[in-house]
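Asker: Take a look and give me a structure for this.
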Amino acid sequence: MVTDPQQACFEAGIKFGSLYHQFAGTPVSPDSTRSLETAIAESIENQPHCESVTVAIDDAAVAADIDHENGYTELSGHLMEVEMRIGYEAVTVDTRMEMEDGYPLMKLVSVVEGGRGE
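Answerer: All right, here's what the predicted structure looks like:
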C-alpha cells in the first residue's frame, strides 16, 4: 500500500521529469527568458496535484552560453532554478531544482502532512 506522502513525492518526481525533459533543448535568449519561464510554469501547473511552479532562468548565464551569431542557446539545467509545490490529499511537498557540483539536482525540500510546507 502506498502512503499519501509517498504518492505526493512520486507526483513531484513526475512533474520534474516532465519539466526537464520537455523543455531541455528549447532555444532561449536573454530576450525570451521571462516568457519561457511563464510557459514552463503554466505547462507544469496543468498537471494534477501541482499547486505552484516557479521557474527562474539566469539571464547572465544564458548570455554567456551563446556562442554563435544567431543569438540564442539551448535551455539546460545549469541555466535555471525551479521550485514546485505539490498537494496530494493532506500532504504538501515542496521541491527544488538547483545546481549542485555541476549537475541540476532535483530534491525534496519538505514533506508536510496535514498542513502547509514552509
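Asker: can you pull the pLDDT of E118?
Answerer: E118 carries a pLDDT value of 47.
Asker: and what of N70?
Answerer: Predicted confidence (pLDDT) for N70: 87.
Asker: now do E98
Answerer: pLDDT, E98: 88.
Asker: for G115, same thing?
Answerer: So, for G115, pLDDT stands at 60.
Asker: Which residue, other than its chain neighbours, is closest to the residue nearest in space to the middle of the chain?
Answerer: The centre of the chain sits closest to V82, judged by Cα atoms, centre = their mean, with a distance of 3.6 Å. Nearest non-adjacent residue to V82, counting by Cβ to Cβ, 6 or more residues apart in numbering: M97, 4.2 Å away. C-beta coordinates here come from the backbone N, C-alpha and C atoms, glycine included.
Asker: Is it correct that that neighbour falls within a strand?
Answerer: Yes: counting by DSSP: H, G, I helix; E, B strand; the rest coil, M97 is located in a strand.
Asker: measure it to D4 for me?
Answerer: M97 is 23 Å from D4, where distance means Cβ to Cβ, to the nearest Å.
Asker: okay, the two: which has more neighbours?
Answerer: For M97 and D4, the more surrounded residue by other Cβ atoms under 10 Å is M97, and the numbers stand at 19 against 14.
Asker: Run through the bridge partners of the more buried one.
Answerer: Beta-bridge partners recorded for M97 (DSSP bridges): V82, M106.
Asker: How much space separates it from V2?
Answerer: If you go by Cβ to Cβ, the gap between M97 and V2 works out to 24 Å.
Asker: Residues contacting the helix ranked longest in the chain, please?
Answerer: Secondary structure of the chain per DSSP state H: the longest helix is helix 4-23. Outside helix 4-23, the residues that touch it by Cβ atoms under 8 Å, 6 or more residues apart in numbering are 2, 36, 40, 43-44, 47-50, 53, 75, 77, 82, 84, 86-93, 95, 97, 104, 106, 108, 111, 113.
Asker: Mind checking which of those residues are in strands?
Answerer: Secondary structure defined by DSSP state E assigns 50, 53, 82, 84, 86-88, 91-93, 95, 97, 104, 106, 108, 111, 113 of the contacts of helix 4-23 to strands.
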